[in-house]
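K.L.:
The following comprises the amino acid sequence and a computationally predicted model.
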Amino acid sequence: MGFTVAIDGPAASGKGTLARRIAARYGFHHLDTGLTYRAVAKALLDGELPLDDEDGAADVAANLEFTGLDRTVLSAHGIGEAASKVAVMPKVRTALVEAQRRFAQCEPGAVLDGRDIGTVVCPQAPVKLFVTASPQVRARRRFAEIDAGGGKLSYDEVLADLKRRDARDSDRADSPMRPADDAHLLDTSEMDIEAAFRAAEQLIDAARS
Ligand SMILES: Nc1ncnc2c1ncn2[C@@H]1O[C@H](COP(=O)(O)OP(=O)(O)O)[C@@H](O)[C@H]1O
Ligand SMILES: Nc1ccn([C@@H]2O[C@H](COP(=O)(O)OP(=O)(O)O)[C@@H](O)[C@H]2O)c(=O)n1
């Protein structure tokens, strides 16, 4: 089994950016598990199927192809909100977590980012990071992305959306978002991407030596 790096944290904290940098640095495989929840939500939205039909959503999750998840299409802002609704359903999580665990075994290593990687998907991972930033900093980052892509949401709408989604992710009964007891907390509110990467690199190098 390869080396696993587990990265969790709330929306727009920088976990995906960090995960991609780490994967490139160490030659590890990367799975953005948020895309798997987003893909289930998108399939339901495209099929005009209800977001709260647990058996229907679990069926989509069980048949989801992990290769070829299109980040550009799936990162649309509205899909994040829908994803957090399907993510409260235990049968959906069971189906996706099973496939995520298989991915985590990739050689020579795998970086997975999400909400429950350190607590549920890979509790044995030798390196766990919980990446945070203040809601205002995260909303500024997400707003800048949406704005650059021609989106029309205001900063206040983005901030309200992030807070609502964080609450849904933290308050759900199954696999709520929380740092594992042995996770390293990385607050990137006043850290640029390079500084966050250097901090993560030190922890990984120490764990591998
Ligand atoms: N430490 C950082 N400082 C400034 N901007 C960052 C930092 N980390 C990530 N970003 C930017 O913030 C946005 C959200 O980052 P992303 O990695 O997609 O977050 P997440 O995966 O947690 O939702 C991206 O535009 C990214 O370039
Ligand atoms: N491991 C994971 C990853 C995502 N999710 C859900 O999927 C949604 C979208 O996740 P994401 O990581 O793509 O969201 P962003 O942080 O990129 O905005 C989250 O709000 C969670 O509800 C989850 O429940 N567990």
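P.N.:
Done, it's in. Ligands and ions are numbered 1, 2, ... in the order given.

K.L.:
use CA for all of it now, contacts and neighbours both
P.N.:
Noted.

K.L.:
which ones are touching Lys85?
P.N.:
Lys85 makes contact with 51-52, 168 under the criterion CA atoms under 8 Å, 6 or more residues apart in numbering.

K.L.:
same question, Ile22
P.N.:
Ile22 sits in contact with 28, 111, 197, 200-201, where contact means CA under 8 Å, 6+ apart.

K.L.:
so of the residues you listed, which ones are in helices?
P.N.:
Under the assignment DSSP state H, those contribute 197, 200-201 to helices.

K.L.:
most surrounded residue in the residues you listed?
P.N.:
Ala200 (22 neighbours; other CA atoms under 10 Å).

K.L.:
Return the residues in contact with that one.
P.N.:
Contacts of Ala200 were listed using CA under 8 Å, 6+ apart, and they are 22, 129.

K.L.:
Look up how far Ala6 lies from it.
P.N.:
If you measure Ala200 against Ala6 using CA to CA, to the nearest Å, the figure is 11 Å.

K.L.:
Please enumerate the shared neighbours of these two.
P.N.:
Counting by CA under 8 Å, 6+ apart, the shared contacts of Ala200 and Ala6 are Leu129.

K.L.:
Is stretch 28-40 in proximity to ligand 1?
P.N.:
No. On the criterion CA under 6 Å from any ligand atom, stretch 28-40 is out of touch with ligand 1, staying 7.8 Å away.

K.L.:
That stretch near ligand 2 anywhere?
P.N.:
Yes. Where contact is defined by CA under 6 Å from any ligand atom, part of stretch 28-40 touches ligand 2, namely 33-35, 37-38.
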